[in-house]
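Asks: structure for this input, please:
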Amino acid sequence: MPDQTASDWPFPLGTDRVMDGDDMMKATAGLLEMRVGGGFASGLVIIDAPSAIDTPVRAHVNLPAGLFTAPPNVIVGLFATAPGHAFVAVDRDTAGHPVSKDEFWVLGSRSVGPLGDIGCYWIAHQPGA
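Replies: Below you'll find the predicted structure:
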């Protein structure tokens, strides 16, 4: 008979029949889908090169249409397409609104040259109900 972790993740015991493995995988997949739930998307955005050191620039990201029913949690991570120190962060839109269910903005800047485009990976996740 299968068992569960303290967080309710199902797993087979050594005495469980191998032929029941598909049932265990289905139970695990169902729990994962329920926990991740809501929606998940990721991508890459290139922020155009700043005009000068310490000059912030912004890039717009459209989220997949209809995927999110509420503003998701967004995480951004930097990869630089040119040498030099840079940073990225989730930003507000021009009207001052935070992330919406349809879009968000990324802010980037370089503190050391040479100037060049700034690459940014992003992940958006809306927790399940």
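Asks: quick one: the residue of the chain most remote from its centre and A95, what's the gap?
Replies: Computed with C-alpha atoms, centre = their mean, the maximum C-alpha offset from the centroid of the chain is found at T15, amounting to 38.8 Å. Per C-beta to C-beta, to the nearest Å, T15 is found 61 Å from A95. C-beta: built from backbone N, CA, C; applies to glycine.
Asks: ok so, going back, which element is the residue farthest from the centre of the chain on?
Replies: Following DSSP states H and E, there is no helix or strand that holds T15.
Asks: just G108 next, same as before
Replies: Judged by DSSP H and E, G108 forms part of strand 103-110.
Asks: output that strand as PDB, restricted to C-alpha atoms.
Replies: Coordinates of each C-alpha in strand 103-110 appear next as PDB, following Å, rounded to 0.1, in the frame of the first residue of the first chain:
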ATOM      1  CA  GLU A 103       1.900  41.900 -18.800                       C
ATOM      2  CA  PHE A 104       4.800  43.300 -16.800                       C
ATOM      3  CA  TRP A 105       7.800  45.500 -17.300                       C
ATOM      4  CA  VAL A 106      11.500  44.800 -16.600                       C
ATOM      5  CA  LEU A 107      13.900  47.500 -15.600                       C
ATOM      6  CA  GLY A 108      17.600  47.200 -16.400                       C
ATOM      7  CA  SER A 109      20.800  49.200 -16.000                       C
ATOM      8  CA  ARG A 110      24.600  48.900 -16.200                       C
END
